[in-house]
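[1] Provided below for reference: sequence and predicted model.
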Amino acid sequence: MSNKFGESKLGGNFTKRNRYKLKDGDNVYRILPAMGDLADDGVWSVYYNVVFGFKTMDGKHRPFQSPQVVKRTKNGKDTITTVEVHCAATDLVNKLKKEMEEAKKEGNHQKAQQLAKIVGDYPTMGVYSLNNDHYLNVIDRQGNVGQLELGHKAKTALNAEIARIRKDEGYDPLSPENGRFLNIRRDGKGRDTAVKVTVVKEKITVAGVGVVEKDIVHVIDNELGERLLTNKNGKWIYKEAADLTKLYKYPTAQEVELIVSTADILTGKSSGIDQVFGSSSDVRPDQVDDEQEQGIDEAQEAPVQASQASQAAPVAPTAAPAAVAPVQTQVAQEAKAAVAAAPAQTTKTTAEAVAAMNPDDFMKAMGISL
């Protein structure tokens with residue numbers, strides 16, 4: 001086979017790629033092995049800590065990998081968490097989430113509801129969300145290749161079953177020539193979510209024996225291999241399979257500071273995104289994302305349209321802003337002007353009053369200091 005696959009360790013021509021997330025109940029996929037540039041190291045899944053919500057000035061979603069670096073050390077029975085590299089976007093979302101939880105405890109429902117529109121509170125979908133998931137290449141029973149997104153619980157269950165099969169059954173369910181379809185079954189909600197992984201079997205009739213169950217063996221033949229990726233002049237060109245290390249752009253901490261400091265917090269539009277990512281015309285057709293849908297947790301998540309970002313030249317480091325100072329949007333300006341021009345006796349609804357505020361005034365009205 002002209003494509004290179006490696007033993008998967010635990011732990012051009014572009015196409016619009018399929019994106020899969022777990023749904024409640026059965027989820028049947030054949031996990032594809034480490035391939036291409038990741039084959040030698042046996043890497044078949046990559047973990048991302050993604051920030052969703054920031055957009056270009058023309059409204060295109062540009063999710064990105066958070067530059068946050070967290071160090072955890074043991075001190076007896078306690079675990080000490082230290083943030084070694086801060087991410088302005090992650091810090092902002094976490095701060096607003098904390099404000100929302102405090103507002104709920106205090107019974108300030110208006111403030112909590114308005115903040116939920118920004119950072120989400122199931123079932124309310126916010127402008128921003130943080131998503132910590134593992135991504136892997138898979139193929140479904142119909143032969144469609146795509147990228148599957150797994151939360152911590154599902155990935156842990158998958159790792160455990162793969163390790164068990166390798167030890168007890170003596171084969172690798174991810175191998176190119178002897179793979180298996182696995183059912184990742186999810187039941188329950190929230191902290192009660194349960195995930196179980198099993199090998200998919202089919203029933204066959206054996207003469208003199210009767211009906212028996214048999215593993216569905218999957219082989220990556222030359223035809224499928226060419227669909228996944230190909231090697232051209234010593235360089236791997238990914239087709240239906242994805243280079244798992246390049247699903248999202250990796251901005252620096254300084255670039256994220258720029259993105260946040262130039263953002264309209266109420267809409268997520270940021271001139272800094274345009275500087276870091278480049279304009280929409282700079283993005284390849286397979287990198288342009290659809291409308292973003294955000295999830296709240298592993299058991300209550302909605303499909304997220306993931307996109308790859310163009311590799312624009314890094315922005316020169318900027319000094320960290322003393323406070324986030326979002327710019328006022330044209331929509332807010334027009335709304336404010338319309339309210340000002342309205343007759344004095346006109347009674348504004350809460351939504352109209354919020355729309356008339358610029359982001360700074362909104363945050364002050366909510367009692368939030370960024």
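    Perfect, thanks for sending it. Residues are numbered from 1 along each chain as shown.

[2] what's the weakest-modelled helix or strand in this protein?
    The weakest-scoring helix or strand in the chain, judged by mean pLDDT, DSSP states H and E, is helix 330-341 (a mean of 39).

[3] how far does stretch 234-253 sit from the chain's center?
    15 Å (CA atoms, centre = their mean, to the nearest Å).

[4] Just give the closest residue to Y20, not the sequence neighbours.
    Excluding its sequence neighbours, the residue lying closest to Y20 (CB to CB, 6 or more residues apart in numbering) is L148, at 4.5 Å. Placement of C-beta: from N, CA and C, glycine included.

[5] hmm, I was thinking of Y248
    Y248's closest residue in space is Q65 (CB to CB, 6+ apart), at 4.6 Å.

[6] Could I get the contacting residues of L32?
    By CB atoms under 8 Å, 6 or more residues apart in numbering, the contact set of L32 is 44, 136-139, 145, 174, 179, 220, 228, 241.

[7] helices or strands up against the strand ranked longest in the chain?
    Selection of the longest strand in the chain by residue count, based on DSSP state E, yields strand 129-139. Counting contacts by 3 or more CB pairs under 8 Å, 6 or more residues apart in numbering; DSSP states H and E, strand 129-139 is packed against strand 28-31, strand 45-52, helix 88-106, strand 145-150, helix 152-164.

[8] average pLDDT across that strand?
    Average pLDDT, strand 129-139: 96.

[9] Okay, now the sheet partners of it, with direction.
    strand 28-31 (antiparallel), strand 45-52 (antiparallel), strand 145-150 (antiparallel) (DSSP bridges).

[10] Which residues belonging to the longest one are considered buried?
    By neighbour count with 16 or more other CB atoms under 10 Å, strand 45-52 contains the buried residues 45-46, 48-52.

[11] got any ranges where the stretch 1-150 of the chain has weak pLDDT?
    Along the stretch 1-150 of the chain, segments meeting pLDDT under 70 span 1-4, 6-15.

[12] do that again at 90, thanks
    1-17, 72, 74-81, 122-124 (pLDDT under 90).

[13] I'd like the distance between I237 and I31.
    Taking CB to CB, to the nearest Å as the measure, I237 falls 22 Å from I31.

[14] between the two, who's got more neighbours?
    Neighbours per residue (other CB atoms under 10 Å) separate I237 from I31, with I31 holding more: 22 against 14.

[15] So the more buried one versus N231, what's the distance?
    22 Å.

[16] go on, K74?
    Counting by CB to CB, the gap from K74 to N231 is 44 Å.

[17] more neighbours, the two?
    Legend: neighbour count by other CB under 10 Å for K74 and N231, higher for N231 (12 against 8).

[18] The residue nearest to Y20 and Y29, how far apart?
    6 Å.

[19] joint contacts of those two?
    20, 138.

[20] Tell me which of those two has more neighbours.
    Using other CB under 10 Å as the criterion, L148 and Y29 rank with L148 on top: 25 against 22.

[21] For the more buried one, name its beta-bridge partners.
    The partner residues for L148, given DSSP bridges, come to Y20, L136.

[22] next one: I31
    V138.

[23] on that earlier part again, export the strands paired with strand 129-139 to CSV and tack on distance to A160?
    Converted to CSV, those look like this (distance: least, CB to CB, whole Å):
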stretch, distance to A160
strand 28-31, 14
strand 45-52, 14
strand 145-150, 13
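
[24] Out of those, which is closest to R19?
    With CB to CB as the measure, strand 145-150 is the member of the strands paired with strand 129-139 nearest R19 (5.8 Å).

[25] Show me which residues of that closest one are buried.
    Neighbour-count burial for strand 145-150, with 16+ other CB under 10 Å as criterion, is recorded at 145-150.

[26] can the residues you listed go into CSV with extra columns for distance to G170?
    Converted to CSV, the buried residues of strand 145-150 look like this (distance: CB to CB, whole Å):
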residue, distance to G170
V145, 28
G146, 29
Q147, 29
L148, 26
E149, 30
L150, 25
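
[27] Specify which member of the residues you listed is nearest to A89.
    E149 (19.7 Å).

[28] my guess is that closest one contacts D133, does it?
    Yes - taking contacts as CB atoms under 8 Å, E149 lies within contact range of D133: 4.8 Å.

[29] Report the residue ranges of every domain in this protein.
    With domains defined by automatic domain parsing, the chain comprises 5-287, 330-365.

[30] Buried deepest among the ones you listed, which one?
    Most buried of those by mean neighbour count (mean count of other CB atoms under 10 Å) is domain 5-287; its value is a mean of 17.

[31] Could you list which residues are in contact with the residue nearest to Y248?
    Q65 neighbours (CB under 8 Å, 6+ apart): 48-51, 248-251.

[32] The residues you listed into TSV, with extra columns for distance to G272?
    Formatted as TSV, the contacts of Q65 follow (distance: CB to CB, whole Å):
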residue	distance to G272
Y48	21
N49	19
V50	17
V51	13
Y248	17
K249	13
Y250	15
P251	9
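
[33] All set, thanks.
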